[in-house]
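[1] I need the structure of the sequence given here:
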Amino acid sequence: MPLSKDERYEKMKEIRDELLNFTESPLHKYRTENKYFPVVGEGSHLASIMFIGEAPGKNEAETARPFCGRSGKLLDEMIASIGLKREDVYITNIVKDRPQDNRDPSPEEIRLYAPFLDRQIEIIEPKVIATLGRFSMDYVMNMFNLWDVLDSISNMHGREFTATASYGDIVIVPLYHPAVALYNGSNKETLLNDFQILKKYV
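    Next up, the predicted model:
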C-alpha cells in the first residue's frame, strides 16, 4: 500500500537528517568547511516522474536545491515543454553532496550515497525515472537489472526501458544532462525532443 503524503514527507525528512550527519562520506568535511548543505531533492513526493542527476554543483550546495543554476533553468524549460512545473515532479541526484571543483562523482561516492536514492525511489514510487547524464543512467539501469542493454548515453538517450520495481512496473528514460545542452545548441534540440516521450506519462 502506498505511503500517505505525510508519511512520505517524514521519511524524506529522516533522509535529510541522516545526510546532515553523514560523516562516512569523504565529501562531508568539504561540505562543512564551506558551509554547504546536502541536497536531498525537491518537488512532489507524489510525483509520477522522477528526475535523477549525478551530484550538486556550487549553487545547489549553497541553497540545498537541486538543479538551481543554469542547468536548472534549462531543466525547468524542458519540464514546462511537457506541460508540467518543477513542483509537479521530483528532482534529485545520486550523490547528495557537492564534489570538489564540480568534478565527476567517484565510484566510492556513488556507492555511499546510492542507498539514500534507493530509499527515495521507494518513498515516491514514480512510474517513470528520467536519468540526467551517464552516471545516473548507469546506476539506475544496473539497479533495475538492465545491464544487458546498457550502452553509451549517445545510443541510449530518448529511449524507454521497462523494468519492475518493488511496487510495480516502471519506465526508465535516459536523457542527456542539461549541462550538455548549455555547451552545444544542437544538444538542446535533442534534449527537447527526448523530453516529449515523457508527455504520455503526465
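[2] When you work out contacts or count neighbours from here on, use the C-alpha atoms and nothing else.
    Fine.
[3] residue with max distance from the center of the protein?
    residue 33 (25.1 Å; CA atoms, centre = their mean).
[4] Identify the residues contacting the longest helix that the chain contains?
    For the chain, the helix that runs over the most residues, judged by DSSP state H, is helix 107-124. The contact list for helix 107-124 (CA atoms under 8 Å, 6 or more residues apart in numbering) reads 3, 8, 11-12, 15, 25-26, 45-47, 93-96, 166-167.
[5] What residues sit buried inside that helix?
    109-110, 112-114, 116-117, 120-121, 123-124 (16 or more other CA atoms under 10 Å).
[6] With stretch 88-96 instead?
    Buried residues in stretch 88-96 (16+ other CA under 10 Å): 88-96.
[7] can you pull the contacts of the residue nearest the centre of the chain?
    Central residue of the chain (CA atoms, centre = their mean): residue 52, 1.4 Å from the mean position. Taking CA under 8 Å, 6+ apart, we find residue 52 in contact with 91-94, 129-132, 136.
[8] repeat that with 7 Å
    91-94, 130-132, 136 (CA atoms under 7 Å, 6 or more residues apart in numbering).
[9] ok, of these, which one's closest to residue 194?
    residue 130 (10.4 Å; CA to CA).
[10] quick one on the thing from earlier: from the contacts of residue 52, which ones fall inside strands?
    91-93, 130-132 (DSSP state E).
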